[in-house]
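Peer 1: need a structure here:
(one chain, ligands or ions: 1)
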Amino acid sequence: SKTNLYLTEADQFSARNYKPLPVVLERGEGVWVWDVDGNRYLDMLSAYSALNQGHRHPAIMAAAAEQMEKLTLTSRAFHNDQMGPFVRELCEATGYEKALPMNTGAEAVETAIKAVRKWGYQVKGVPEGKAEIIVCENNFHGRTTTVVGFSSEDQYREGFGPFTPGFVLVPYGDIDAFEAAVTANTVGFLVEPLQGEGGVVVPPEGYLRRTAEVCRERRIAFMGDEIQTGLGRTGRLFCCEWEDVRPDVLIVGKALGGGVYPVSAAIADAEIMDVFQPGDHGSTFGGNPLGAAIGRASLRVILEERLSERSDELGAWFAGRLREIDSPHVEEIRGRGLMIGVVIKESSGTARPFCEALQARGMLAKETHHQVIRFAPPLTIDRETLEDALVDIEAVLTD
Ligand SMILES: *Cc1c(COP(=O)(O)O)cnc(C)c1O
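Peer 2: Numbering: from 1, shown residues only. Below you'll find the model as predicted:
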């Protein structure tokens, strides 16, 4: 098969920093992808929710093609006619005063950290060099050296130190532990409203609301990492809405680029964002006209096609159907909207063989944190396709 040739090549000529399923894709459309041997698969991962709008959404492709004919990159040394409309539309959709566009998620997280630290010194009055940001165990915020430095996952850190100081780890979902970790020097609380990479972990009811209240009382910036959970994935435009929380800094990425191009942003009101002076921070590609045009189209598709509502309805129904499957292997089904984790019992081994069995049946899903199969299809999926998927999932889970 052609597949083996590609697998060997990637293995020989690249770093082995991933262990992908042995499938080589060459085409995608909507919820479907095809491999180099002509097999079709349902994409149940959506590139970790970067494909909420599906593969090659026509409106996003058209915006990209149109912009490619005009202007693709200026750098921020000059203005371009796409970035202004992009940040305005992003602010209008999210209800904030300012947005700073970047490319990857990790860069947007770094941007948020820099903004909040500087805000802590300049506005809150924390002594220079003393700013602390509280983060959660089992977090995932990206792979830069600063970000992995506050991971609780040993493998993410091992061999990559020394790390950036100033981060305090607390258990996720524990309000008392969070309150106990707050000091006069706490400037930010960086949190995923639902931990995706951590295994689709939904925090206890009230956790986001209460921590946000403490942040308000103690003048701490609540930094919501919605890179994976945002833009409709969990059945709301942003997952924090489940508890009526408005983060002080909203971090978005992944689906903001519609699966076409890396586009991310840190979003906040002027009190925080205005700490940046010319030269303080930057990115050659951040806010480039191609990315901005794609970002605008990606956002428009989420809103106009009501993908949050779709995710809410289909996700609740799909999770219900998954719970009806009488499987000896399943410990729990959890999640929100179309971000659903099927937790495999330790006694049944890891989730990996289940993902391989799903692949053999024409469905691509990826295990996360050893025991969890994550189902996160493009939000454009329909009920009929999910009905068909349930037949295969039931077969694999009851085998
Ligand atoms: C994917 C992800 C990131 C990192 O995004 P990259 O584009 O891979 O740098 C950060 N935070 C969360 C919650 C993510 O899911």
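
Peer 1: need the contact list for the closest residue to residue 309 other than its chain neighbours.
Peer 2: In space, and not counting its chain neighbours, residue 309 is closest to residue 235: 7.9 Å by Cβ to Cβ, 6 or more residues apart in numbering. Every residue, glycine included, has its C-beta placed from N, CA and C. Contacts of residue 235 were listed using Cβ atoms under 8 Å, 6 or more residues apart in numbering, and they are 308-309, 311-313, 315-316, 336-338.

Peer 1: now those residues in CSV, with pLDDT, secondary structure and neighbour count?
Peer 2: As requested, these are exported to CSV (pLDDT from 0 to 100; DSSP: H, G, I helix; E, B strand; the rest coil; neighbours: other Cβ atoms under 10 Å):
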residue, pLDDT, secondary structure, neighbour count
308, 98, helix, 23
309, 98, helix, 15
311, 98, helix, 30
312, 98, helix, 19
313, 98, helix, 15
315, 98, helix, 24
316, 98, helix, 15
336, 98, strand, 22
337, 98, coil, 28
338, 98, coil, 30
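
Peer 1: Need the contact partners of stretch 180-187.
Peer 2: 116-117, 119-120, 124, 126-127, 130-134, 168, 170, 214, 218, 220-221.

Peer 1: tell me how far the ends of that stretch are from each other?
Peer 2: Stretch 180-187 has an end-to-end distance of 15 Å (Cα to Cα, to the nearest Å).

Peer 1: quick one, strands of the stretch 251-399 of the chain?
Peer 2: Using DSSP state E, counting those that start in this stretch, the strands of the stretch 251-399 of the chain run over 264-268, 330-336, 339-344, 363-364, 366-368, 372-375.

Peer 1: hang on, the earlier thing: quick check: strands, which of the contacts of stretch 180-187 are part of them?
Peer 2: Here DSSP state E is the test, and the contacts of stretch 180-187 give 132-134, 168, 170, 221 as lying in strands.

Peer 1: farthest pair in those residues?
Peer 2: Distances among those were taken as Cβ to Cβ; the most separated pair is 170 and 221, at 16.0 Å.

Peer 1: Can you get me a residue count around the residue in the chain that the ligand sits nearest to?
Peer 2: Ranked by Cβ to the nearest ligand atom, the top residue of the chain for proximity to the ligand is residue 105, at 2.2 Å. Per other Cβ atoms under 10 Å, the neighbour tally for residue 105 reads 26.

Peer 1: Neighbour count for residue 170 and residue 221, which is higher?
Peer 2: Counting neighbours by other Cβ under 10 Å for residue 170 and for residue 221 shows that residue 221 has the greater number, 25 against 21.

Peer 1: residues in contact with that one?
Peer 2: Here residue 221 is in contact with 116, 119-120, 187-189, 215, 248-249, 268, 272 (criterion: Cβ under 8 Å, 6+ apart).

Peer 1: Just the pLDDT for it.
Peer 2: We have a pLDDT of 99 for residue 221.

Peer 1: Now do the same for residue 104: its pLDDT.
Peer 2: 98.

Peer 1: swap in residue 399?
Peer 2: For residue 399, pLDDT reads 88.

Peer 1: I figured it was touching residue 357, is that so?
Peer 2: Yes. Using Cβ atoms under 8 Å, residue 399 makes contact with residue 357 at a distance of 7.0 Å.
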